[in-house]
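In: Sequence and computational prediction follow.
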Amino acid sequence: MMLSSLESLPQGTWAIVAFTFAVFFLDNAVFHKAGDDWLNFSDRFEEFCILTALLVAGAYGICSRKGGKAASKSKAFPCRSNAGKNSSSSTSGITRAKKSGAEPNVISYNIAIDECAKSGDIARAEELHAVMRRAGLEANCISYNSVIHACAKQGDVPRAVLWLKKMIEAGVEANVISYNAVIDACAKSNDADKAEEWLKAMLDANIEPNVISYSTVIHACAKCGDLVMAEKWLKKMIDAGIEANAVSYNSVIYACARKGNADKAELWLDKMLSVGVEANVNSYSAAIDAFAKIGDVEGAERAMRRMISAGIEPNVISFSAVIDSCAKAGDVVRAEAWLQKMLDAGVEANVNSFSAVIDACAKAGDVERAERWLRQMIADGVEPDVVSYSAVIDACAKVCNSDKARTIFELMSMKGVKPSIVTFTSLARPFSRRGDYEEVERIMREVESTGLRINEYFINVLLMAYANSQPKQVGRAEALMRKVKAKCIGINDYVITSLEKVLGKPQAYELIKELNLKAEAPRNRQNRVVRPRPARPMNQANV
């Protein structure tokens with residue numbers, strides 16, 4: 001009977017179902033594209049099932065009203081060409097439908113709003129929602145969820161929350177998809193505390209969180225480097241009887257990497273495998289990165305070998321992490337060897353790979369080698385970024401080659417790459433060592449003219465210039481520290497040590513006490529650039 005009922009559906013209905021199914025998987029092929037949208041996969045599939053049912057019912061009703069002419073249904077359902085890439089295509093579909101004499105229905109608007117959500121076009125999604133309401137159509141759960149998804153795509157937490165409240169006030173029951181979208185917005189805005197609050201709010205509303213809910217919160221904690229909370233939520237997830245997946249474990253391993261806790265990263269990788277969850281390239285890459293953070297080359301290489309033994313091919317992130325571990329250890333030869341292994345494996349090097357090798361050269365003070373890799377990078381069609389150029393300038397600084405540093409700086413500017421405060425700090429260091437405080441002060445004025453904020457590392461370089469000058473520039477050092485206080489620039493132990501070299505310990509202590517300055521822990525040894533790691537497990541294929 002069920003089969004005969006299905007067979008009696010109007011002509012063309014199955015085409016609608018097949019088309020919607022195809023569009024859904026084209027738009028949500030999250031296992032084959034980067035991005036945080038993997039989190040919405042199961043939620044989207046629920047909506048797909050509902051939407052397909054509505055499409056079938058809608059097509060049946062339209063065909064019945066039109067005497068079974070399936071062709072008329074195309075007027076009510078705008079074509080989703082370029083799905084997910086251009087939200088205007090869905091809007092123009094509604095416009096064409098109106099011009100052809102067919103009034104778009106709730107389903108038509110939901111499809112259009114969903115397209116806006118995929119492209120993160122909040123304004124258009126909100127506009128379509130308003131147009132739908134003005135047309136006398138009642139927005140449903142999908143309508144509101146799509147607008148919330150648009151807000152989540154942009155990490156706009158206040159607007160995501162606003163639309164969730166509007167949904168509830170309109171008497172539309174929020175579901176797990178609604179709350180997951182708000183949590184996702186929090187994760188994208190790097191607000192782990194808010195993500196946790198909304199997961200608790202979901203529980204308070206008697207809505208059962210799913211694997212997506214917990215994984216998003218874990219990911220938010222991992223992005224903020226909060227290993228304790230990431231572990232806590234993974235354990236809560238397991239205690240709630242929800243089976244953790246690769247994404248959940250990968251996020252915790254990633255949090256370990258952010259903290260440079262290689263032992264825990266390896267422990268969680270072992271735990272993941274012991275419970276039968278298959279590790280992927282992101283799992284191992286995050287573990288490698290944890291060893292790289294502490295310059296443990298042997299550990300990074302061991303994790304790489306383990307991945308290969310498991311039959312998983314390393315990607316550019318895996319190789320770059322190993323190269324980075326060599327760079328931190330100052331092992332140029334090993335870094336170059338791993339870059340060559342990567343190329344031999346058919347993996348194309350990217351800006352991170354080359355920059356890590358250049359950084360290794362910089363640590364060794366090998367300017368010629370660093371510059372050679374910069375040229376090789378350009379020859380291979382990889383555009384150097386601020387990190388790449390800064391590393392070469394840093395190599396020049398280590399051997400006090402101010403002329404070469406200035407040449408690289410000018411090349412960087414000519415290429416349109418904007419220098420960072422790290423670049424300027426490295427540029428100033430050779431002059432600081434020579435006691436040429438006037439040139440360091442000139443560079444500081446150049447920094448300020450670009451709108452960059454002077455930090456404690458540049459202050460340290462300038463103080464060292466005062467200390468190395470003959471005679472020492474006591475008055476300038478005191479004036480600088482008063483400027484530091486006035487502009488609320490933090491200081492660290494390096495600044496205090498350099499100040500003591502200029503003023504002497506007793507006088508330096510009195511000045512710091514007078515200005516009520518307190519040293520903060522150094523954020524980054526040797527003021528080295530920390531590039532945002534691309535090895536985020538949530539943003540890679542095979543998750």
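Out: Thanks, I have the structure now. These figures come from a predicted structure and were not determined experimentally.
In: Let me see the contact set for residue 173.
Out: Residues in contact with residue 173, defined by CB atoms under 8 Å, 6 or more residues apart in numbering, are residue 141. (Each C-beta comes from the backbone N, C-alpha and C, glycine too.)
In: Could you do residue 360 as well?
Out: 323, 326, 327, 330, 331, 332, 335, 336.
In: Was I right to think the second one contacts residue 334?
Out: Yes. Between residue 326 and residue 334 there is a contact under CB atoms under 8 Å: 4.3 Å.
In: Please identify every residue contacting each of the two.
Out: residue 297.
In: The two: which is more packed in?
Out: residue 326 (27 against 18; other CB atoms under 10 Å).
In: Remind me which helix or strand the more buried one belongs to.
Out: Using DSSP states H and E, residue 326 falls within helix 316-328.
In: If you count contacts, what does that helix end up packed against?
Out: helix 281-293, helix 297-309, helix 332-344, helix 351-363 (3 or more CB pairs under 8 Å, 6 or more residues apart in numbering; DSSP states H and E).
In: quick one, which of those helices is packed in tightest?
Out: Among the helices and strands packed on helix 316-328, ranked by average contacts under mean count of other CB atoms under 10 Å, first place goes to helix 281-293 (a mean of 29).
In: follow-up on the earlier one: how about the helices and strands packed on helix 316-328 in CSV, adding mean pLDDT and distance to residue 422?
Out: Output for the helices and strands packed on helix 316-328, formatted as CSV (pLDDT from 0 to 100; distance: least, CB to CB, whole Å):
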stretch, mean pLDDT, distance to residue 422
helix 281-293, 96, 18
helix 297-309, 96, 24
helix 332-344, 95, 20
helix 351-363, 94, 12
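In: Please produce JSON lines containing these, extended by distance to residue 379.
Out: Shown next, in JSON lines, are the helices and strands packed on helix 316-328 (distance: least, CB to CB, whole Å):
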{"stretch": "helix 281-293", "distance to residue 379": "26"}
{"stretch": "helix 297-309", "distance to residue 379": "27"}
{"stretch": "helix 332-344", "distance to residue 379": "13"}
{"stretch": "helix 351-363", "distance to residue 379": "11"}
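In: These: which one's closest to residue 180?
Out: helix 281-293 (20.9 Å; CB to CB).
In: which strands and helices sit next to that closest one?
Out: Contacts defined by 3+ CB pairs under 8 Å, 6+ apart place helix 281-293 against helix 246-259, helix 262-274, helix 297-309, helix 316-328.
In: Could you list the alpha-carbon positions for that helix in CSV?
Out: The C-alpha coordinates for helix 281-293 follow below in CSV (Å, rounded to 0.1, in the frame of the first residue of the first chain):
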residue,chain,number,x,y,z
VAL,A,281,45.1,12.9,9.6
ASN,A,282,43.9,15.7,11.8
SER,A,283,44.3,13.6,15.0
TYR,A,284,47.9,12.8,14.2
SER,A,285,48.7,16.3,12.9
ALA,A,286,47.4,17.9,16.1
ALA,A,287,49.6,15.5,18.1
ILE,A,288,52.6,16.3,16.0
ASP,A,289,51.9,20.0,16.5
ALA,A,290,51.9,19.5,20.3
PHE,A,291,55.5,18.2,20.0
ALA,A,292,56.4,21.0,17.6
LYS,A,293,55.3,23.6,20.1
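In: Residue 167 against residue 178, yeah?
Out: Yes. With contact defined as CB under 8 Å, residue 167 and residue 178 form a contacting pair (6.5 Å).
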